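1. Predicted model and sequence follow; I will ask about them next.
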Amino acid sequence: MTEKIKEYLERLEKEKDIKILLACETGSRAWGFPSPDSDFDVRILYVHKIDWYLSVNESKDTIDVMLENNDLDISGWELRKSLRLLSKSNAPLFERIQSPIVYKADSEFVLQITELSQHCYSKIATMHHYLSMSKKMLEEIDGKTEYKLKKFFYALRSASACLWIIEKEEIPPIEFSIMLNALDEMRPFKSRINELIKIKSQASEMYLHSGEVEIISFIKDVLKRSDRLAKSLPSSKGNVSKLNRFLSSQIKIHGN
């Protein structure tokens with residue numbers, strides 16, 4: 001599928017007259033717990049030609065394409081939109097620039113936007129993203145006789161990100177294994193979680209699981225603590241001048 005994805009990306013650049021600055025995998029494949037039939041969730045950051053930015057009217061700043069019988073989802077944000085989101089400490093954007101599975105990238109762009117992200121990171125904004133996601137997924141597994149294992153992992157990973165925000169100064173990593181290995185409170189569950197990752201790697205996305213009461217209880221405890229601490233976490237606002245300069249430089253480099 002990798003070669004097909006690269007071909008689609010080249011075609012997209014020509015059809016939309018854009019320059020893709022980053023194309024990477026997100027979702028379970030990037031998080032580190034895919035199923036054999038997991039979709040490919042490719043996310044792109046792209047820049048238009050300079051004329052696009054000189055129009056009085058604002059044009060569509062997103063791309064969404066479903067391919068390969070809906071097994072391949074390619075979507076993305078134009079650079080100016082991406083930087084607006086970065087200034088608000090957008091967690092999905094933080095994940096994209098950390099993805100371990102990269103299909104296409106301008107290395108200098110990735111290096112610079114990664115540096116900018118450190119200045120835009122807001123603990124409180126990022127916490128609210130992962131807290132909301134984990135609560136939503138927890139509702140689908142807590143108290144259920146059976147539930148989708150993928151929902152369990154979505155809840156667990158998001159709760160782990162909340163715990164990371166409380167304990168660490170860095171932006172939460174996209175790879176779940178990094179959090180699993182670095183967070184002391186997860187050590188009692190590490191062996192079982194790795195067993196569940198192996199089960200998920202061999203089972204369909206529709207696989208129904210049961211049990212894991214202790215880990216679900218741990219998720220609930222983390223969310224309660226995160227709820228309590230969320231409002232006291234520090235915020236940060238992106239330096240708009242730096243973001244504007246970066247936008248301008250990228251348009252000049254890639255917009256001709």
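-> Looks like it came in fine.

2. I'd say I5 and L72 touch.
-> Yes: using CB atoms under 8 Å, I5 is in contact with L72, at 6.9 Å. Where you see a C-beta, it was placed from the backbone N, CA and C, and this is true even at glycine.

3. list residues touching both of the two?
-> 40, 42 (CB atoms under 8 Å, 6 or more residues apart in numbering).

4. Please say which of these two ends up with more neighbours.
-> I5 (20 against 17; other CB atoms under 10 Å).

5. quick one: buried residues of the helix or strand hosting D227?
-> According to DSSP states H and E, D227 maps onto helix 213-230. Going by neighbour count (16 or more other CB atoms under 10 Å), the buried part of helix 213-230 is 215-216, 218-220, 222-223, 226, 230.

6. what's in contact with that helix?
-> 124, 127-128, 131, 134-135, 138, 141-142, 152, 155-156, 159-160, 162-163, 165-166, 185, 189, 192-193.

7. what about 10 Å?
-> 123-124, 127-128, 130-131, 134-135, 137-138, 141-144, 147, 152, 155-163, 165-166, 183, 185-186, 188-189, 192-193, 196, 212, 233 (CB atoms under 10 Å, 6 or more residues apart in numbering).

8. List the pairing partners of the helix or strand containing W77 within its sheet, with orientation.
-> If you go by DSSP H and E, W77 is part of strand 72-78. Counting by DSSP bridges, the strands paired with strand 72-78 are strand 40-48 (parallel), strand 62-67 (antiparallel).

9. of all those, which lies closest to E78?
-> Checking the strands paired with strand 72-78 against E78 by CB to CB gives strand 40-48 as the closest, at 6.1 Å.

10. Give me the distance between that closest one and the centre of its chain.
-> On the basis of CA atoms, centre = their mean, to the nearest Å, strand 40-48 sits 12 Å off its chain's mean C-alpha point.

11. quick one on the thing from earlier: so which of the strands paired with strand 72-78 gets nearest L208?
-> Judging the strands paired with strand 72-78 by CB to CB, what sits closest to L208 is strand 40-48, at 22.4 Å.

12. Could I have the CA atoms of that closest one written out in PDB?
-> Extracted C-alpha coordinates of strand 40-48, given in PDB (Å, rounded to 0.1, in the frame of the first residue of the first chain):
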ATOM      1  CA  PHE A  40      -4.900   3.800   6.300                       C
ATOM      2  CA  ASP A  41      -5.300   7.300   7.700                       C
ATOM      3  CA  VAL A  42      -3.000   9.600   5.700                       C
ATOM      4  CA  ARG A  43      -2.800  13.200   6.800                       C
ATOM      5  CA  ILE A  44      -1.100  15.900   4.800                       C
ATOM      6  CA  LEU A  45       0.000  19.500   5.300                       C
ATOM      7  CA  TYR A  46       0.300  21.400   2.100                       C
ATOM      8  CA  VAL A  47       1.000  24.900   0.600                       C
ATOM      9  CA  HIS A  48      -0.600  26.500  -2.500                       C
END
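
13. can you pull out the strands in the stretch 151-256 of the chain?
-> Assigned by DSSP state E, counting those that start in this stretch, the stretch 151-256 of the chain shows strands spanning 208-209.

14. any low-confidence regions in it?
-> In the predicted model of the stretch 151-256 of the chain, residues 237 satisfy pLDDT under 70.

15. Could you identify which of the strands paired with strand 72-78 is most buried?
-> Of all the strands paired with strand 72-78, strand 40-48 has the most neighbours on average by mean count of other CB atoms under 10 Å, namely a mean of 22.
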